[in-house]
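>>> Sequence first, then the predicted structure:
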Amino acid sequence: MRLETVEVVYEKEGTVTESTNAMIVLIVSVGIAILVLIFVGVLGGQVYVQVEPDINNITDTTIQGYIKDAITSGFKALKLTGSYMPIVVLAGIIFLVLVLVIGALRTAGMQATTGYGGVL
């Protein structure tokens, strides 16, 4: 039995196109946004648990009410922002598709013309 090694010859150097860059940016952006929402919620809840006894020790009930209302409002805003995440992802996907289509049209236009290589 004889094993032969095959030498791989690459014809062209690989490049990263605009569409690949757009996909990478979309994936990283959505990941960062989701991580921020998760960490802000978790850390915010943890901080509230730690300072809740201090808030309850405030003697002025008006100030104590304002602080609790502000905390509640902050968590409601965080929940509302998190509920918009699917819309943000959909907008990013639409943007990516548009970039791919426009890039493909521009590339096809450049290949169809000779001379300066522009579409116009």
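On my side now, so go ahead.
>>> now for the helix or strand harbouring I94, which elements pack on it?
Using DSSP states H and E, I94 maps to helix 85-112. Packed against helix 85-112, as judged by 3 or more CB pairs under 8 Å, 6 or more residues apart in numbering; DSSP states H and E, are the following elements: helix 18-56. In this view, the C-beta of every residue, glycine as well, is placed from N, C-alpha and C.
>>> just for the chain, where's the confidence low?
1-3, 8-19, 106-120 (pLDDT under 70).
>>> how about 90 then?
1-48, 59, 74-75, 77-120 (pLDDT under 90).
>>> May I see the buried residues of the helix holding I94?
Neighbour-count burial for helix 85-112, counted by 16 or more other CB atoms under 10 Å, picks out G92, L96, V99, L100.
>>> Any chance of those in TSV with distance to M85 as columns?
Shown next, in TSV, are those (distance: CB to CB, whole Å):
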residue	distance to M85
G92	10
L96	16
V99	21
L100	23
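>>> quick revisit: quick one, the helix holding I94 and helix 18-56 angle?
Going by axes from the mean of the first three to the mean of the last three CA atoms, to 10 degrees, helix 85-112 is angled at 160 degrees with respect to helix 18-56.
>>> Off-centre distance for helix 85-112?
Centroid separation between helix 85-112 and its chain, computed with CA atoms, centre = their mean, to the nearest Å, is 16 Å.
>>> Now do the closest residue to G41 other than its chain neighbours against V42, distance only.
Spatially, and ignoring its direct neighbours in sequence, G41 is nearest to L78 (5.7 Å; CB to CB, 6 or more residues apart in numbering). Separation of L78 from V42 (CB to CB, to the nearest Å) stands at 11 Å.
>>> Between those two, which is the more surrounded one?
Between L78 and V42, counting by other CB atoms under 10 Å, L78 is the more crowded of the two (15 against 10).
>>> I appreciate the help and will end here.
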